[in-house]
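**Student:** give me a model of this one.
(one chain, ligands or ions: 2)
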Amino acid sequence: MSLTLTNSKLQRQGSVIDGAWLQSSDEFVVENPATGQVVATVANAGAAEAEAAVLAAERAGVQWREFSAKKRSTLLKAWYELVVSNANDLAVLLTTEQGKPLAEAKAEILYGASYIEWFAEQAKRIEGAVIPAPASNQRIVTVKQPVGVVAAITPWNFPMAMLARKIAPALAAGCTVVAKPAKETPLSALAMAYLAQEAGIPPGVINLVTGQDSSAIGGVFTQHPSVKKLTFTGSTAVGKTLLEQSAATIKKCSMELGGNAPFIVFDDADIDAAVAGCIAAKFRNAGQTCVCVNRIFVHDKVKAAFTKKLVEAVAKLKVGDGIEEGVAIGPLINAAAFKKVSELVIDACNKGAKAIVAEGHTHLNGALFYPPTVVTEATTQMDVFNEEIFGPVAVVYSFSSEEEAIALANNTPFGLAGYFYSRDIGRVWRVASALEVGMVGVNDTAISNEMAPFGGVKESGFGREGSQMGLDDYLETKYMLMGGL
Ligand SMILES: NC(=O)c1ccc[n+]([C@@H]2O[C@H](COP(=O)([O-])OP(=O)(O)OC[C@H]3O[C@@H](n4cnc5c(N)ncnc54)[C@H](O)[C@@H]3O)[C@@H](O)[C@H]2O)c1
Ligand SMILES: O=C[C@H](O)CS(=O)(=O)O
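**Tutor:** Residues are numbered from 1 along each chain as shown. Ligands and ions are numbered 1, 2, ... in the order given. Down below sits the predicted model:
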């Protein structure tokens, strides 16, 4: 089966290892979450292919790391330009396999491409230092060198951008990559690997291993001695497993894990701006993003006004197949996700909360379309306070003081993103400093871009992606003492 693409070569049928595309009668299917239809079959790779990919990356790394920074930069730029020129097709692939609205899929493609562009530029800015030494006939010199083979494991919710956010800095640093996308959404990753090949990036520099058995592939990635770094984006539970598996070979690791973002509306906030920011950060990708608003804390004095406006705005969100014009909320990724969101709302209501579903959302066709819902009168006793909802459900709590709001916001093992609205400059600095998160949005929720250091603290992980710091995780600093001068 093939999708309706302008560039049909973008739809690949299997892993790419050392430049060769895997073909096999052992296949797994990719389904469209909006329709339940099978949209593609993909060759099912496993541990053997993962091992071959690691060895291919190791071989390719010998040449890749010796390329000049300018040459790596030029190749990354060529990849960036091909991604942008194929963005419409890539967006169709992404919406078809993941479900998000086409406009959001296009935005993801351009967002992912921005990391490739950024690190094409940063590739030429990897610098060492010459440092004064204790003795006059010595010099301390430092150089930055690539860590080597990088293993990347990425999630289904941003199947293109999360991959680009890892491969681009790795290649810019002079590393080579073995990557495993989520089995639910392999097509976007495979298309990206195809475009990298078309851009002239040599065989073996990027190897993609797609298969149903994540543990088998991940087991090779985390335990093979030739893999020097693991970069993972996904749930905290899986991140902990991968860290344990990586310990035996002391791999450098970076972890972009789960979130439980607070969204605080103080009594001095611009309520309309807060509602707009909440809609954007809560309902993007049907609430299936790591930085989605997960807990909304509203000051008692403005709770009624904020909640009324929020309910009115949620009612306007159009639910449907993401390929259709004007759809704002697509399906959840699978039945397990739908069940989890349903159970969280039922638990909250059983414990005294009220669920408000707009009239137009009460009869949705399609098994995975969860209705955008506002839950009010929520308390910390409800499961939804501690769980990453990962669905289009906005849960509203109340508070009466700044100290209480901060304590509520920080009452979680997670610490990825946090947001708040206030026009008091003293409060802005106090609250932004007090929130135990890696990223804070103040009077704005659009925190994700290639120029900022994206990442979390506590059980949301460590390491940063993007920004000037984004290369650090892929480089080692070597110190040389130059003596006898
Ligand atoms: N911090 C971030 O930047 C960020 C970004 C996106 C998603 N996430 C998080 O990811 C989660 C949702 O994505 P998901 O459901 O794909 O997460 P997940 O952890 O279930 O899967 C993520 C990836 O890990 C793979 N995987 C699962 N078990 C594995 C194992 N035992 N060995 C090797 N690989 C394994 C999956 O196949 C997938 O490719 C949410 O918690 C979300 O918050 C975080
Ligand atoms: O799911 C979390 C991703 O990091 C999405 S984004 O970077 O905020 O777009």
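**Student:** can you show me the strands along the stretch 1-150 of the chain?
**Tutor:** 16-17, 20-21, 27-31, 38-43, 129-132, 139-146, 149-153 (DSSP state E, counting those that start in this stretch).
**Student:** what does the stretch 301-450 of the chain give?
**Tutor:** Using DSSP E, counting those that start in this stretch, strands in the stretch 301-450 of the chain cover 354-357, 373-376, 393-399, 414-415, 417-421, 439-442.
**Student:** among these, which is nearest ligand 2?
**Tutor:** Set against ligand 2 and scored by CB to the nearest ligand atom, those come closest in strand 417-421, at 7.9 Å. Where C-beta positions appear, they are placed from N, C-alpha and C, glycine not excepted.
**Student:** does that closest one come close to ligand 2?
**Tutor:** No - shown here: strand 417-421 not in contact with ligand 2 (CB under 6 Å from any ligand atom), separated by at least 7.9 Å.
**Student:** name the helices or strands packed onto that strand?
**Tutor:** Counting contacts by 3 or more CB pairs under 8 Å, 6 or more residues apart in numbering; DSSP states H and E, strand 417-421 packs against strand 261-265, helix 271-283, strand 439-442.
**Student:** so what are the sheet partners of that strand and their directions?
**Tutor:** Strand 417-421 pairs in its sheet with strand 261-265 (parallel), strand 439-442 (parallel), by DSSP bridges.
**Student:** in space, what's closest to residue 127 - neighbours in sequence excluded?
**Tutor:** In this structure, residue 127 finds its nearest non-sequential neighbour in residue 144, 7.2 Å apart by CB to CB, 6 or more residues apart in numbering.
**Student:** quick revisit: ranking the strands paired with strand 417-421 by mean neighbour count, which comes first?
**Tutor:** strand 261-265 (a mean of 28; mean count of other CB atoms under 10 Å).
**Student:** now the angle from it to strand 393-399?
**Tutor:** Here strand 261-265 points in a direction 50 degrees away from that of strand 393-399 (axes from the mean of the first three to the mean of the last three CA atoms, to 10 degrees).
**Student:** what angle sits between strand 261-265 and helix 271-283?
**Tutor:** 170 degrees.
**Student:** okay, residue 367: pLDDT?
**Tutor:** Listed pLDDT for residue 367 reads 84.
**Student:** ugh, wrong one, I meant residue 363
**Tutor:** You'll see residue 363 listed with a pLDDT of 69.
**Student:** then residue 360?
**Tutor:** Reported pLDDT for residue 360: 76.
**Student:** mind checking which residue lies nearest the centre of this protein?
**Tutor:** residue 162 (4.5 Å; CA atoms, centre = their mean).
**Student:** residues in contact with the residue of the stretch 151-300 of the chain at minimum distance from ligand 1?
**Tutor:** Ligand 1 sits closest to residue 218 of the stretch 151-300 of the chain, with a gap of 2.3 Å, by CB to the nearest ligand atom. Contact analysis of residue 218 by CB atoms under 8 Å, 6 or more residues apart in numbering lists 153, 180, 242, 245.
**Student:** same deal with residue 389?
**Tutor:** Taking CB under 8 Å, 6+ apart, one finds 287, 292, 294, 341, 344, 395 in contact with residue 389.
**Student:** and the gap between the second one and ligand 2?
**Tutor:** From residue 292 across to ligand 2, the span is 8 Å (CB to the nearest ligand atom, to the nearest Å).
**Student:** verify the stated contact: that residue with residue 260.
**Tutor:** No - using CB atoms under 8 Å as the test, residue 292 is too far from residue 260 to be in contact (9.5 Å).
**Student:** circling back: which one of the contacts of residue 389 has the most neighbours?
**Tutor:** residue 294 (30 neighbours; other CB atoms under 10 Å).
**Student:** near ligand 1, which residues of the chain show up?
**Tutor:** 153-158, 162, 180-183, 214-215, 218, 233-235, 238, 241, 256-259, 290, 388, 416.
**Student:** of these, which belong to strands?
**Tutor:** Among the residues of the chain next to ligand 1, DSSP state E puts 153, 180, 233, 256 in strands.
**Student:** give me the buried subset of those residues.
**Tutor:** Among these, those buried by neighbour count (16 or more other CB atoms under 10 Å) are 153, 180, 233, 256.
**Student:** spatially, which two of the residues you listed are the most separated?
**Tutor:** 180 and 256 (14.8 Å; CB to CB).
**Student:** need the longest helix for this structure.
**Tutor:** Ranked by residue count under DSSP state H, the longest helix found in the chain is helix 102-122.
**Student:** that one - what's its average pLDDT?
**Tutor:** 98.
**Student:** tell me which other helices or strands it touches.
**Tutor:** Against helix 102-122 (3+ CB pairs under 8 Å, 6+ apart) you get helix 69-85, helix 87-98, helix 161-173.
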